[in-house]
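A.B. asks: Below are the sequence and a predicted model for it; my questions follow.
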Amino acid sequence: MKESVFRIKENRNIAPLTFLMVLEGDCAGMDRPGQFVNIKIEGFFLRRPISVCDIRDSELTLIYKTVGKGTLAMSGMKEGQELSLLTGLGNGYDITKAGEAPLLLGGGAGVPPLYLLARKLREEGKKVSVVLGFNRSEEIFFEKEFSDLGCDVTVTTVDGSAGVRGFVTDGMPEHYSYFYTCGPEPMLRAVKRATATSGQFSFEERMGCGFGACMGCTCRTVTGYKRICKDGPVLEKEEILWED
């Protein structure tokens, strides 16, 4: 973990309540898909944890939803503004376990960290299937971007206004070697029940400090409670204990 100053290169709306921000700065130490940054926003005591969507040289891409006053303030930031980021946070996904035909499942705000993961897997020649889940067609983003990587993309919407009607589990292919997923906990629970292979779950959890000091974000596992910000946000299927 280190603190660095980044400059906003781009900050734009890409779907209802959803924004894409491109930052320029020192991206060293962020080398695994699924890691996150913690952003200091002027006027707010707690930093905002945002998952990394993509990293290319000195450019960092984030996609975030305006779910509170902090992220609403972020949405109004302009090109050229500077932000203090804690970078290199979280363990990220382990791509060595992917096999030849990995499956990626993302729901809503859980879609962004899967993009860098998909890019890394495609660079290794993997046959990647991606299922993107949204509530309605207006909320869809990054379908084309995943397709441009050469992924086999399926979109699901709860209301059936685009793609497959239902949830990400309704759009899963029959065959895959391993899976990676990120999204709200009800979706993650459904994915655990529906999947036939091992896999990795990235948790969307409210965080206080973002680096393991406050113990505010924990998950029960077979080896005890783990801190999502420090020991995660990625946990393996077999270690997670959920009470049904």
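C.D. replies: Yes, it's here.
A.B. asks: Spatially, which residue comes closest to the residue lying farthest from the centre of the chain, not counting chain neighbours?
C.D. replies: Here the chain reaches farthest from its C-alpha mean at Gly43, the gap being 25.9 Å by CA atoms, centre = their mean. Spatial nearest neighbour of Gly43, excluding adjacent residues (CB to CB, 6 or more residues apart in numbering): Ala73 at 7.1 Å. C-beta: built from backbone N, CA, C; applies to glycine.
A.B. asks: what does Thr195 give?
C.D. replies: Ranked by CB to CB, 6+ apart and with sequence neighbours excluded, the top spatial neighbour of Thr195 is Phe179, at 5.4 Å.
A.B. asks: List phi and psi for that neighbour.
C.D. replies: Phi and psi for Phe179, reported as degrees, to the nearest 10, are phi -140, psi 150.
A.B. asks: dump the residue contacts of it.
C.D. replies: Taking CB atoms under 8 Å, 6 or more residues apart in numbering, we find Phe179 in contact with Pro102, Leu103, Leu104, Leu105, Val191, Thr195, Thr197, Ser198, Gly199, Gln200.
A.B. asks: Assumed Met74 was part of a helix.
C.D. replies: Yes: counting by DSSP: H, G, I helix; E, B strand; the rest coil, one finds Met74 located in a helix.
A.B. asks: Which among the contacts of Phe179 count as buried?
C.D. replies: Pro102, Leu103, Leu104, Leu105, Val191, Thr195, Gly199, Gln200 (16 or more other CB atoms under 10 Å).
A.B. asks: For the residues you listed, name the two members farthest from one another.
C.D. replies: Pro102 and Val191 (13.7 Å; CB to CB).
A.B. asks: which parts of the helix or strand harbouring Val191 are buried?
C.D. replies: Assigned by DSSP states H and E, Val191 belongs to helix 185-194. Within helix 185-194, the residues that qualify as buried are Met187, Leu188, Ala190, Val191, Lys192, counting by 16+ other CB under 10 Å.
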